[in-house]
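>>> Just need the structure, nothing else, for what follows:
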Amino acid sequence: TQGAAPRPWSRCSMQIRVSLPVMLIAFMSALANAQPETGSMSDPRVDEAIALMNNFAQRTGLASGQPGRRYLWTDAFAVCNYLGLARSSGEQVYTERALQLVNQVHHTLGRHRDDDPRSGWISGLSEQDAERHPTRGGLRIGKGLPERGPREPVDEQLEWDRDGQYFHYLTRWMHVLDQVTRHTQQPRFNTWARELAVRAYKAFSYTPTGVHGPRRMYWKMSIDLTRVLVPSMGQHDPLDGYITALQLQTTMAAQATGPDLEGTIGDYAAMIRRGEWATPDPLGLGGLLVDAWRLQQLVQQGAQPEVALLERLLDDALSGLQYYARSGELQQPASYRLAFRELGLAIGLHALERLQHSVEQGASSPPADPRQRARVQQLVQYLPLREAIEAFWRDPANRRSDTWTEHRDINEVMLATSLAPDGFLMLLPPE
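Numbering: from 1, shown residues only. Sure thing, here's the model as predicted:
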């Protein structure tokens, strides 16, 4: 499924005696109708992203009669892509597509599965109340298999394919809803994001029994958020919670109403003070770089994050990139690689490039200190990894591998994000 489907070529029959000027006018009109999105000075990267997103929309039932296929992580990137394409192309249809997808996600992943004996909204709210508060019960992942039942034994391999709720998917959707508010200036989406933030914090965080210290978090919960499915804590989950809540609160201060997140932000801050985030995983590394750029933008918009958080993010991202660059993973054939994880790093490197520009142009406020500048300079030497990743997965031969086709939706959407990343990366002023 992708953005607006291209309009069909005009098939006007022409008389043999039609003059050449008339034929030219008809041809140019048909060409304009066939490619409304690209304009006269199109960017080939944006054009490719449009094609990917149009196909996604058709394939997953967003712009076709195909059965709807919603998956929270993929759809989160897709909404941001449509918002960015609306700005880059000037085509309002992409904003409409983004809003349509938000509505589909809420009405699919905010409700119980078709194969579940339960029905209705997972929040338990009435139809009328749930329409006003569609995120109060959280949102399902969208996995193919039902969640593990209360009496079923744990199967670690099978758990990857079972439904439930992931915290890091919920924070991604919070970011999406806030981006919609920043794009449309409609505060209800930010309010829905903060209602989701409150529910997720209460369901996923807990105080360990007999242990003095900050709260901890579960990684995966049941669809109704009443049972723990995977008790271990995701390495970056408290960090995602903190920066996302800070983002939502910054927007709320400008224009929205609804729950206040100051207490939640404080609890996440306590969780991350001793956090270690260095990772060899390219998707996780990209997330750290995206978080660093989000944090930089939020500071410019008046947020006051934890002291030295940006430096810690950059330090850990550098440690991970140094390891990853030496690992040789990018020299493997497509059959040994996962595109969406690598594309997560490519998106993060786009964020790094924007952070570099902000720091070097003196656009940051307060100005970056020498240590921040030095760390950014060390990181930018890894920007060529972005070009290598994109070139590899833009090659049609590599997209014929099983590792691409088995994850086609998420791979194509995240490739589109890397080709046209501003809808995901740029935090428009919330006023």
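
>>> What's the separation between Trp219 and Gln247?
Distance check for Trp219 against Gln247: by Cβ to Cβ, to the nearest Å, it reads 22 Å. (C-beta placed from N, C-alpha, C; glycine too.)

>>> Show me which of these two is the more surrounded one.
Gln247 (28 against 18; other Cβ atoms under 10 Å).

>>> Now do the same contact list for that one.
Met174, His175, Asp178, Arg294, Leu298, Ala303, Leu427 (Cβ atoms under 8 Å, 6 or more residues apart in numbering).

>>> ok, His168 touching Gln235?
No: look at His168 against Gln235 with Cβ atoms under 8 Å: they stay out of range, at 9.9 Å.

>>> Show me what counts as buried in the strand or helix carrying Val413.
Secondary structure assigned from DSSP states H and E places Val413 in helix 408-419. The neighbour-count check on helix 408-419 (16 or more other Cβ atoms under 10 Å) flags Asp409, Ile410, Asn411, Glu412, Val413, Met414, Leu415, Ala416, Thr417, Ser418, Leu419 as buried.

>>> And these, which is closest to Ala76?
Val413 (9.1 Å; Cβ to Cβ).

>>> Next one: that closest one from Arg341, what distance?
The gap separating Val413 from Arg341 is 14 Å, by Cβ to Cβ.

>>> ok, now Pro259?
On the measure of Cβ to Cβ, Pro259 and Arg341 end up 33 Å apart.

>>> more crowded one of those two?
For Pro259 versus Arg341, the count of surrounding residues by other Cβ under 10 Å is larger for Arg341: 20 against 16.

>>> Leaving out chain neighbours, which residue sits closest to that one?
Nearest residue to Arg341 in three dimensions, chain neighbours excluded: Leu283, at 4.2 Å (Cβ to Cβ, 6 or more residues apart in numbering).

>>> count of residues packed around the one you found?
Neighbourhood size, Leu283 [other Cβ under 10 Å]: 18.

>>> do the same with Gln361
Neighbours around Gln361, by other Cβ under 10 Å: 8.

>>> so where's the chain uncertain?
Scanning the chain for pLDDT under 70 picks out the ranges 1-41, 255-256, 363-366.

>>> how about a cut-off of 80?
In the predicted model, the chain carries pLDDT under 80 at residues 1-41, 211, 253-257, 362-368, 431.

>>> quick one: which helix or strand includes the spatially most central residue of it?
Compute the mean C-alpha point of the chain, and by Cα atoms, centre = their mean the closest residue is Phe77, 3.6 Å away. Using DSSP H and E, Phe77 maps to helix 72-89.

>>> what's that helix packed up against?
Applying 3 or more Cβ pairs under 8 Å, 6 or more residues apart in numbering; DSSP states H and E, one finds that helix 72-89 contacts helix 44-59, helix 92-109, helix 167-184, helix 408-419, helix 422-425.

>>> is it possible to export those helices to TSV including distance to Ala269?
Shown next, in TSV, are those (distance: least, Cβ to Cβ, whole Å):
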stretch	distance to Ala269
helix 44-59	36
helix 92-109	29
helix 167-184	15
helix 408-419	29
helix 422-425	24
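
>>> burial of Ile120, as a residue count?
Not quite, residue 120 is Gly, not Ile. Neighbours of Gly120 (other Cβ under 10 Å): 14.

>>> what is the orientation angle of the biggest helix by length in the chain with helix 408-419?
Scanning the chain for the longest helix, with DSSP state H as the assignment, gives helix 339-360. Here helix 339-360 points in a direction 20 degrees away from that of helix 408-419 (axes from the mean of the first three to the mean of the last three Cα atoms, to 10 degrees).

>>> now could you export just the CA positions of helix 339-360 as CSV?
Extracted C-alpha coordinates of helix 339-360, given in CSV (Å, rounded to 0.1, in the frame of the first residue of the first chain):
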residue,chain,number,x,y,z
ALA,A,339,16.8,-5.0,5.3
PHE,A,340,14.6,-3.2,7.8
ARG,A,341,17.2,-3.4,10.5
GLU,A,342,19.9,-1.9,8.2
LEU,A,343,17.5,0.7,6.9
GLY,A,344,16.8,1.7,10.5
LEU,A,345,20.6,2.6,10.7
ALA,A,346,20.4,4.4,7.4
ILE,A,347,17.5,6.5,8.7
GLY,A,348,19.5,7.2,11.9
LEU,A,349,22.4,8.4,9.7
HIS,A,350,20.1,10.8,8.0
ALA,A,351,19.2,12.1,11.5
LEU,A,352,23.0,12.4,12.2
GLU,A,353,23.5,14.5,9.1
ARG,A,354,20.8,16.9,10.2
LEU,A,355,22.3,17.1,13.7
GLN,A,356,25.7,17.8,12.2
HIS,A,357,24.2,20.7,10.2
SER,A,358,22.5,22.1,13.3
VAL,A,359,25.7,21.9,15.4
GLU,A,360,28.1,23.3,12.7
